[in-house]
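1. Structure, please.
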Amino acid sequence: MARTVKVVMLGTSGGVPTLRRRLPAILIQDWMGTTILLDAGEGVQESLLRLGLPPTRIDFIAITHSHGDHVNGLPGLLQSMYMYERRRPLLIMGPSSVVEFVRGVLGVLEYNLGFRVALRAIEGEGSLALVERGGDKVVISWAPACHSVESYGFRLDWLLRPRIDARLAKELLGDNMALLRELIARGRVTLDDGRVVRISDIAREPGRNLGIAYTGDTAEPCKSLDRILRGVRLLIHDSTFTSDKSDEALERGHSTSLMAAKAAAEAGAHLLVLTHVSARYEGGEARRMVEEARRVFPNVLLAWDGLTLLFAV
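-> So this is what the prediction gives:
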């Protein structure tokens, strides 16, 4: 099976929706069936319907912060999960203000949803393995963004174990399956004769990693985000304004397209996608963002609702 990860920009506006752009939401699906939603702005359900994806397919929801344009789609989404008779548990994570918001929503709904909602409040820097299968992992990491309220950026990593060469494994380890399992788990083992065998010694294909980062709302430069942005294949960055509005951007805790491009260049990202576009920009005005960003970072796209990207791992 081809190992691919699909990223769909469900909502790309900032603050208020427009006729062309809904509010922030990003859907990520991998070849294993893992489905992750980053932010849940108003209109997220309509975007999912256009994709033919029922809300029951979502496994994890990560919310950057408590501003309405990032969370107001959650109540309806949870209610629809109930209407579709979801039974699998759902993890929702975000700052404590988001967790309290969801608790309030669950109280207002006043009925048992029929599935467990696990809430995780995040703070500072951290990470969590969302999925672990046969040595492969999907890990989400977070770090504080530089916004007007407590807000976080997220990074998703697909950490794939090396593909084992059965012939090499048998030559070095014989038929000792316990030793092979230990080698896969630890990355190295010491044999009875003192030789050290590393996972790379029996690999037909090296381990791989795909990193995708989403800043949520942030001003730049934001040193606290440096670690989770470093070396990502895809950086989805706040780009609320063009560079002539840099003072307004910093005052409101947002970035211009030029700021986003500088962050992508410093992080060594491969592809930059500009999102959270202010409603004041339409048509040619929005294209100015790309023109400005390409002055310092050539591989850049301006997001639109429905933009779909496919990455091989």
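2. and Asp30, backbone torsions?
-> phi -120, psi 170 (degrees, to the nearest 10).
3. What is the least confident helix or strand in this structure?
-> Every helix and strand of the chain was ranked by mean pLDDT, DSSP states H and E. The lowest is strand 203-205, at a mean of 63.
4. Could you export whichever strand or helix holds Leu272 as PDB, CA atoms only?
-> Element membership of Leu272, judged by DSSP states H and E, is strand 271-275. Extracted C-alpha coordinates of strand 271-275, given in PDB (Å, rounded to 0.1, in the frame of the first residue of the first chain):
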ATOM      1  CA  LEU A 271       6.600  24.000   1.100                       C
ATOM      2  CA  LEU A 272       4.800  27.000   2.700                       C
ATOM      3  CA  VAL A 273       1.000  27.400   2.500                       C
ATOM      4  CA  LEU A 274      -0.400  30.800   3.500                       C
ATOM      5  CA  THR A 275      -3.700  30.700   5.300                       C
END
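5. Just name whatever secondary elements that strand is in contact with.
-> Under the contact criterion of 3 or more CB pairs under 8 Å, 6 or more residues apart in numbering; DSSP states H and E, strand 271-275 touches strand 234-238, helix 257-267, helix 284-293, strand 300-302. Glycine gets a C-beta too; all of them are placed from N, C-alpha and C.
6. Reformat the ones you listed as CSV; add mean pLDDT.
-> Putting the helices and strands packed on strand 271-275 into CSV (pLDDT from 0 to 100) gives the following:
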stretch, mean pLDDT
strand 234-238, 98
helix 257-267, 98
helix 284-293, 90
strand 300-302, 97
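7. right, and those - which one's nearest Pro17?
-> helix 284-293 (14.9 Å; CB to CB).
8. got the angle for that closest one vs strand 271-275?
-> Using axes from the mean of the first three to the mean of the last three CA atoms, to 10 degrees, the inter-axis angle of helix 284-293 relative to strand 271-275 is 150 degrees.
9. ok and helix 284-293 relative to strand 234-238, angle-wise?
-> Between helix 284-293 and strand 234-238, the angle comes out at 120 degrees (the same axes, to 10 degrees).
10. what angle do helix 284-293 and helix 257-267 make?
-> 30 degrees.
11. In helix 284-293, which residues are buried?
-> Ala286, Met289, Val290, Glu292, Ala293 (16 or more other CB atoms under 10 Å).
12. Go ahead and confirm the fourth one touches Ser243.
-> By that I understand Glu292. Yes. Glu292 lies in contact with Ser243 (CB atoms under 8 Å); the separation is 5.3 Å.
13. quick one on the thing from earlier: save the helices and strands packed on strand 271-275 as TSV, and put in distance to His65 too.
-> Shown next, in TSV, are the helices and strands packed on strand 271-275 (distance: least, CB to CB, whole Å):
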stretch	distance to His65
strand 234-238	11
helix 257-267	18
helix 284-293	22
strand 300-302	23
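14. right, so of these, which gets closest to Met32?
-> Comparing these by CB to CB, strand 234-238 comes nearest, at 18.4 Å.
15. Give me the three-state assignment for the residue in the chain sticking out farthest from the centre.
-> Residue farthest from the centre of the chain, counting by CA atoms, centre = their mean, is Asp193 at 45.2 Å. Three-state call for Asp193 (DSSP: H, G, I helix; E, B strand; the rest coil): coil.
16. how close does it get to Gly73?
-> Counting by CB to CB, to the nearest Å, the separation of Asp193 from Gly73 is 60 Å.
17. cool, Gly104 as well?
-> Per CB to CB, Gly104 is found 15 Å from Gly73.
18. So which of the two has more stuff around it?
-> The neighbour comparison of Gly104 against Gly73 (other CB atoms under 10 Å) goes to Gly73, with 27 against 11.
19. so where's the stretch 51-200 of the chain shaky on pLDDT?
-> 110-111, 162, 184-185 (pLDDT under 70).
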